[in-house]
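A.B. asks: sequence isn't available, so here's the structure alone:
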């Protein structure tokens, strides 16, 4: 498989040809199997994510002016997605009017990495300033300096979640690589997040938990027992990448440990692929989609496995990577219309033929192919984070 060719000829063209809104700005993600827009509500997550994707592809893979043209349209749309308090919306109308504003601050983290990578592509100083502003807003929410509504009443159950920690780690890695003057600031934040993943109670001998108490204790409830294998494997390669970038051998070893305990939980031995959720104690998962196969966990698993093989030269990682790659080629990819399907039933039949929605757009899949293209070329993962 030529990952670069697939990225340039199948994945990115699907979005470039069908999704960029040059009239209003931004990108649509509600696309059907053939790329026809079935809804004009815009995901703010994907304004930042798509900006990152096209800018990253331009910076690392191909100086295609169409990538910058798309990035320009998305970058110019971001101010419409931003409220007066600096927080971003979750969804907006096609012309950028507020629909939803949620307590989550992932919109801001994705805008930060998008603007940072766009700055690298264009040299636009305003984009760098925007990246740092979006990051600071997200980090203030992360630390609690900016108050957000809690998901669960902390007076009755005080919890912390894995997903904000891992996303903040990855965001800080991007900011550290581009914002040279504040490199120490972002390095400290990345280190703090790394330590949270490694020592904050999420990692057990049996798996990486999604939620624990604020002091890192196990919560014996359906919520406390949840493992999201996709998140776990994504966190694993974030942790290993941090280890490579900083020479932290312990982090590399912890990333390996996360992979080794996650694969037995997440791999479907009967039908193949990575499932959506599981209970660490083997009790019934409460998520109705628990045994479905979603696009993004497969992407994160392949990145984690290939990076682990690169670092440890262990044949079992290569074989599992090849098995998962063949699985995705068979069930997820659409060679006729482009891109991947996003949702499979447990038996690998397609659940819905849509190619995009509020949560699925050009990010996890292009990121997979960008990283694989780099590794195919010279095996140097460091280039991804430079």
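C.D. replies: Now that the structure is in, tell me what you want to look at. Bear in mind that the values here come from a model prediction, so they are computed numbers and not experimental data. Numbers count the residues shown, from 1 in each chain.

A.B. asks: tell me what the lowest-mean-pLDDT helix or strand in the chain is packed against?
C.D. replies: Among the helices and strands of the chain, strand 159-161 carries the lowest confidence by mean pLDDT, DSSP states H and E, at a mean of 94. Where contact means 3 or more C-beta pairs under 8 Å, 6 or more residues apart in numbering; DSSP states H and E, strand 159-161 is packed against strand 211-213. Every residue, glycine included, has its C-beta placed from N, CA and C.

A.B. asks: correct me, but residue 308 touches residue 259?
C.D. replies: Yes: between residue 308 and residue 259 there is a contact at 5.5 Å, judged by C-beta atoms under 8 Å.

A.B. asks: shared neighbours, these two?
C.D. replies: 236, 317 (C-beta atoms under 8 Å, 6 or more residues apart in numbering).

A.B. asks: make sure residue 113 is indeed in a helix.
C.D. replies: Yes: counting by DSSP: H, G, I helix; E, B strand; the rest coil, residue 113 is located in a helix.

A.B. asks: how far out from the middle of the chain is the helix or strand containing residue 139?
C.D. replies: Secondary-structure assignment from DSSP states H and E places residue 139 in helix 125-143. Offset of helix 125-143 from its chain centre (C-alpha atoms, centre = their mean, to the nearest Å): 18 Å.

A.B. asks: just stretch 298-318 next, same as before
C.D. replies: With C-alpha atoms, centre = their mean, you get 17 Å for stretch 298-318.

A.B. asks: same deal with stretch 373-386?
C.D. replies: Worked out by C-alpha atoms, centre = their mean, stretch 373-386 lies 18 Å from the chain centre.

A.B. asks: list the buried ones in that stretch?
C.D. replies: Neighbour counts over stretch 373-386 (16 or more other C-beta atoms under 10 Å) mark 373-375, 381, 384 as buried.

A.B. asks: roughly how far apart are the closest residue to residue 343 other than its chain neighbours and residue 336?
C.D. replies: Of all residues not flanking residue 343 in the chain, residue 351 sits nearest, at 4.1 Å (C-beta to C-beta, 6 or more residues apart in numbering). Counting by C-beta to C-beta, to the nearest Å, the gap from residue 351 to residue 336 is 19 Å.

A.B. asks: between those two, which one's more packed in?
C.D. replies: residue 351 (16 against 7; other C-beta atoms under 10 Å).

A.B. asks: SS state for residue 272?
C.D. replies: Relying on three-state DSSP, one would call residue 272 coil.

A.B. asks: how many neighbours does the nearest residue to it once chain neighbours are set aside have?
C.D. replies: Residue nearest to residue 272 in three dimensions, not counting chain neighbours: residue 327, with 4.6 Å by C-beta to C-beta, 6+ apart. Look at residue 327: counted by other C-beta under 10 Å, it has 21 neighbours.

A.B. asks: in what helix or strand does residue 327 lie?
C.D. replies: If you go by DSSP H and E, residue 327 is part of helix 315-331.

A.B. asks: what does that helix rub up against?
C.D. replies: With C-beta under 8 Å, 6+ apart as the criterion, helix 315-331 contacts 1, 259, 263, 267, 272-274, 293, 298, 301-302, 305-306, 308-309, 340-341, 344, 348.

A.B. asks: one more time with 7 Å, if that's ok
C.D. replies: The contact list for helix 315-331 (C-beta atoms under 7 Å, 6 or more residues apart in numbering) reads 263, 272-273, 298, 301-302, 305-306, 308-309, 344, 348.

A.B. asks: before we move on, back to that, can you add pLDDT and give the buried residues of stretch 373-386 back as a markdown table?
C.D. replies: What follows is the buried residues of stretch 373-386, written out as a markdown table (pLDDT from 0 to 100):
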| residue | pLDDT |
| --- | --- |
| 373 | 97 |
| 374 | 96 |
| 375 | 96 |
| 381 | 94 |
| 384 | 93 |
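
A.B. asks: circling back: the residue nearest to residue 272 and residue 271, how far apart?
C.D. replies: Relative to residue 271, and taking C-beta to C-beta, residue 327 is found at 9 Å.

A.B. asks: which residues does the closest residue to residue 108 other than its chain neighbours contact?
C.D. replies: Leaving aside its chain neighbours, residue 108 sits nearest to residue 138 (3.8 Å; criterion: C-beta to C-beta, 6+ apart). Going by C-beta under 7 Å, 6+ apart, residue 138 touches 105, 108-109, 112.

A.B. asks: widest-spaced pair of these?
C.D. replies: 105 and 112 (10.1 Å; C-beta to C-beta).

A.B. asks: who's more crowded, these two?
C.D. replies: Using other C-beta under 10 Å, the more surrounded residue of residue 105 and residue 112 is residue 112, with 27 against 22.

A.B. asks: list the contacts for residue 190?
C.D. replies: Here residue 190 is in contact with 169, 172-173, 176, 242 (criterion: C-beta under 7 Å, 6+ apart).

A.B. asks: just send the residues you listed back as JSON lines, with secondary structure too.
C.D. replies: Shown next, in JSON lines, are these (three-state DSSP):
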{"residue": "169", "secondary structure": "helix"}
{"residue": "172", "secondary structure": "helix"}
{"residue": "173", "secondary structure": "helix"}
{"residue": "176", "secondary structure": "helix"}
{"residue": "242", "secondary structure": "helix"}
